[in-house]
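Visitor: sequence first, then the predicted structure:
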Amino acid sequence: MKKLSVLVLALIAQVSFADQATPEATASALLDPVKAAELAKDPKAAVGAMTNLMDPATAIALAQKSMDPATYTKMAQAGMSPDILKAYAQFADPAVSMKWLAAGMDPNFYMAAMAPFMNPNMYMKWVAAPLDPRVLNLAVAGLNPNLYMQWAAAPMAPANMNLMMAPLNPNLYTQWAGAAANPATYGTWGAFMNPATYGNIANPFAGFIPAPVAPAAK
């Protein structure tokens, strides 16, 4: 009976979240401040990410990317982009809270979240992980001189040079100001910043104000 319950939960997780990202894509998203916020705003995407975090392939991908200096360049670029304001400002949107409230009352959400913990295949993957060729490559990566050459050359890489010069670019601040003033940045709350919202409201004093009459033609 217990094995049957585990199989049912695993089946529900696969059917409900069949379009979840791969472990490698989840690792990339977690290392990108903008994409990480997108995962947190959608319960379905969050469960997919949690499921992948139970897979050692995600931890291996994170370790591989952490040894690449380009990973930190991309994180810094995302942190300076106005897209990060758009990503995190929408956490104040009631629609995001309603999604999580609805997920909190959905039994399928809890079943899908618990399914990887009750799946024996996940634990077998962790047992076999030390013998995974990717793990063995990580273990000997410190012996590869190319790794140290990449880090030594990183400060002079064009992407890092552009990143260091970015604060001197006035367009960066213009883009941030434009994102901050854009009602779409704040989701549903942005309607309060949109002048068109108030332009559509009927004037309650219109009945007391006489309509202008055009002068009669002579």
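Guide: Great, that's in hand. Numbers count the residues shown, from 1 in each chain.
Visitor: and Trp65, how close does it get to Asp55?
Guide: Small correction: residue 65 is Lys, not Trp. Going from Lys65 to Asp55 by Cβ to Cβ, to the nearest Å gives 15 Å. All C-beta atoms are positioned from the backbone trio N, CA, C, and that covers glycine.
Visitor: show me where the protein dips below the pLDDT cut-off.
Guide: Applying pLDDT under 70 to the chain picks out residues 1-20, 190-191, 193-218.
Visitor: next SSE after the helix or strand harbouring Ala76?
Guide: When elements are assigned from DSSP states H and E, Ala76 belongs to helix 69-80. Where DSSP H and E defines the elements, the next helix or strand beyond helix 69-80 is helix 83-89.
Visitor: list the buried residues for that next one?
Guide: Neighbour-count burial for helix 83-89, with 16 or more other Cβ atoms under 10 Å as criterion, is recorded at 83-89.
Visitor: show me the contact partners of stretch 94-106.
Guide: The contact list for stretch 94-106, computed with Cβ atoms under 8 Å, 6 or more residues apart in numbering, reads 41-44, 90, 109, 187-189.
Visitor: re the thing from before, just the CA atoms of the helix holding Ala76, as CSV, please.
Guide: Taking Å, rounded to 0.1, in the frame of the first residue of the first chain, the C-alpha atoms of helix 69-80 are listed here in CSV:
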residue,chain,number,x,y,z
PRO,A,69,34.1,33.4,-13.7
ALA,A,70,31.5,34.2,-16.4
THR,A,71,28.8,33.0,-14.0
TYR,A,72,29.5,35.9,-11.6
THR,A,73,29.7,38.4,-14.5
LYS,A,74,26.2,37.4,-15.6
MET,A,75,24.9,37.7,-12.0
ALA,A,76,26.4,41.2,-11.7
GLN,A,77,25.0,42.2,-15.1
ALA,A,78,21.5,41.0,-14.0
GLY,A,79,21.9,42.9,-10.7
MET,A,80,22.5,46.2,-12.5
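Visitor: list the buried ones in that helix?
Guide: Going by 16+ other Cβ under 10 Å, helix 69-80 has these buried residues: 69, 71, 73-74, 76-78.
Visitor: which elements pack onto that helix?
Guide: If you count contacts as 3 or more Cβ pairs under 8 Å, 6 or more residues apart in numbering; DSSP states H and E, helix 69-80 packs onto helix 33-41, helix 158-165.
Visitor: next one: it to chain centre, how far?
Guide: Its chain's C-alpha centre and that of helix 69-80 lie 15 Å apart, by Cα atoms, centre = their mean, to the nearest Å.
Visitor: what of stretch 44-54?
Guide: On Cα atoms, centre = their mean, the centre of stretch 44-54 falls 12 Å from the chain's centre.
Visitor: pull the CA atoms of it into PDB?
Guide: This file holds the C-alpha atoms of stretch 44-54, laid out as PDB (Å, rounded to 0.1, in the frame of the first residue of the first chain):
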ATOM      1  CA  LYS A  44       4.100  25.600 -10.300                       C
ATOM      2  CA  ALA A  45       7.600  26.800 -11.200                       C
ATOM      3  CA  ALA A  46       8.700  26.700  -7.600                       C
ATOM      4  CA  VAL A  47       7.600  23.100  -7.100                       C
ATOM      5  CA  GLY A  48       9.500  22.200 -10.300                       C
ATOM      6  CA  ALA A  49      12.600  23.900  -9.000                       C
ATOM      7  CA  MET A  50      12.300  22.200  -5.600                       C
ATOM      8  CA  THR A  51      11.900  18.800  -7.400                       C
ATOM      9  CA  ASN A  52      15.100  19.500  -9.400                       C
ATOM     10  CA  LEU A  53      16.900  20.500  -6.200                       C
ATOM     11  CA  MET A  54      16.400  17.000  -4.900                       C
END
